[in-house]
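[1] Please work out how this folds:
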Amino acid sequence: MTIFTDILNKGRTGMQSPGLKDSRDWFREKARAVASVNTSRLVSGNPQHQRTIVLPGNMYMFSYEAKYKETLPFYDRFPLVFPFHVESDSFTGINLHYLPHILRAKLMDALYDLATNVRFDEKTKLRLSYTVLNSSSRYKYFEPCVKKYLFTHTKSRFLMVPSNEWDIALFLPLERFTVNKSIVYKNTLEQIGR
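    Down below sits the predicted model:
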């Protein structure tokens, strides 16, 4: 059983393998059509995908409460992150929720070139580092997404998203910003000069 079983089952008939362009476009469209998702139920309902640690290059979702929540203009309470640097007390990664959907798709399409294989199986991850992301204009939308997360401020286990479901997770309405997401996207677009 997969995390997004209902959406994936509807798309499997007659579709190409996840990871190919036509399939990705179809799944992205279906994910955008979902009205809402209960994030607590999503994590607790998928024990086989729950993790207590994060590894660079995998995609994770989790509940989070920022340490400086009183002074931050906003933050995402349910991040969708590809970690690229892990320390004993924290990790840094790109939270794709900070991008509007069209820019998420563009960045994700570029990130697929960093995949360790094209099978999109349990061994697939991204070869990510800040240096790699900063080295090419292909990844130009990553900068506003770079966030540091303290392990002591996570409020759930980490839900690891299988690589064949990355596009579904990317477009589901999972972001839980402390302000209206249009404010977040406006801020992001200003940061990237659009």
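[2] Sketch out the low-pLDDT regions of the protein for me.
    Along the chain, the model assigns pLDDT under 70 to residues 1-37.
[3] Arg104 is in contact with Phe171, isn't it?
    Yes. When contacts are counted by C-beta atoms under 8 Å, Arg104 is listed as touching Phe171 (7.3 Å). Backbone N, C-alpha and C define where each C-beta goes, glycine included.
[4] Tell me the spacing between the residue nearest the centre of the chain and Tyr68.
    Central residue of the chain (C-alpha atoms, centre = their mean): Leu80, 3.3 Å from the mean position. Separation of Leu80 from Tyr68 (C-beta to C-beta, to the nearest Å): 21 Å.
[5] number of nearby residues for Asn38?
    For Asn38, the neighbour count with other C-beta atoms under 10 Å is 9.
[6] Next: Gln48.
    Neighbour number of Gln48 under other C-beta under 10 Å is 8.
[7] Same check on Met59?
    Met59: 25 neighbours (other C-beta under 10 Å).
[8] contacting residues for the nearest residue to it once chain neighbours are set aside?
    Distances taken as C-beta to C-beta, 6 or more residues apart in numbering place Val161 nearest to Met59, at 4.2 Å, with adjacent residues excluded. By C-beta atoms under 8 Å, 6 or more residues apart in numbering, the contact set of Val161 is Ile3, His49, Asn58, Met59, Tyr60, Met61, Leu80, Ala169.
[9] and the residue nearest to Tyr139 when sequence neighbours are not counted, what element?
    Excluding the flanking residues, the one nearest Tyr139 by C-beta to C-beta, 6+ apart is Leu133, at 4.7 Å. Under the criterion of DSSP states H and E, Leu133 resides in helix 130-134.
[10] Can you tell me what sits against that helix?
    Helix 130-134 has contacts (C-beta under 8 Å, 6+ apart) with Phe84, His85, Thr92, Ile94, Leu114, Tyr139, Phe142, Val146.
[11] SS state for the residue lying closest to the second one once chain neighbours are set aside?
    Spatially, and ignoring its direct neighbours in sequence, His85 is nearest to Thr92 (4.4 Å; C-beta to C-beta, 6+ apart). Using DSSP: H, G, I helix; E, B strand; the rest coil as the criterion, the local structure at Thr92 reads strand.
[12] give me the beta-bridge partners of Thr92?
    Counting by DSSP bridges, Thr92 is bridged to His85, Lys148.
[13] rewinding a little: tabulate the contacts of helix 130-134 in CSV, adding columns for distance to Pro100 and neighbour count.
    Output for the contacts of helix 130-134, formatted as CSV (distance: C-beta to C-beta, whole Å; neighbours: other C-beta atoms under 10 Å):
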residue, distance to Pro100, neighbour count
Phe84, 22, 21
His85, 25, 14
Thr92, 22, 16
Ile94, 15, 28
Leu114, 22, 17
Tyr139, 16, 19
Phe142, 14, 23
Val146, 17, 16
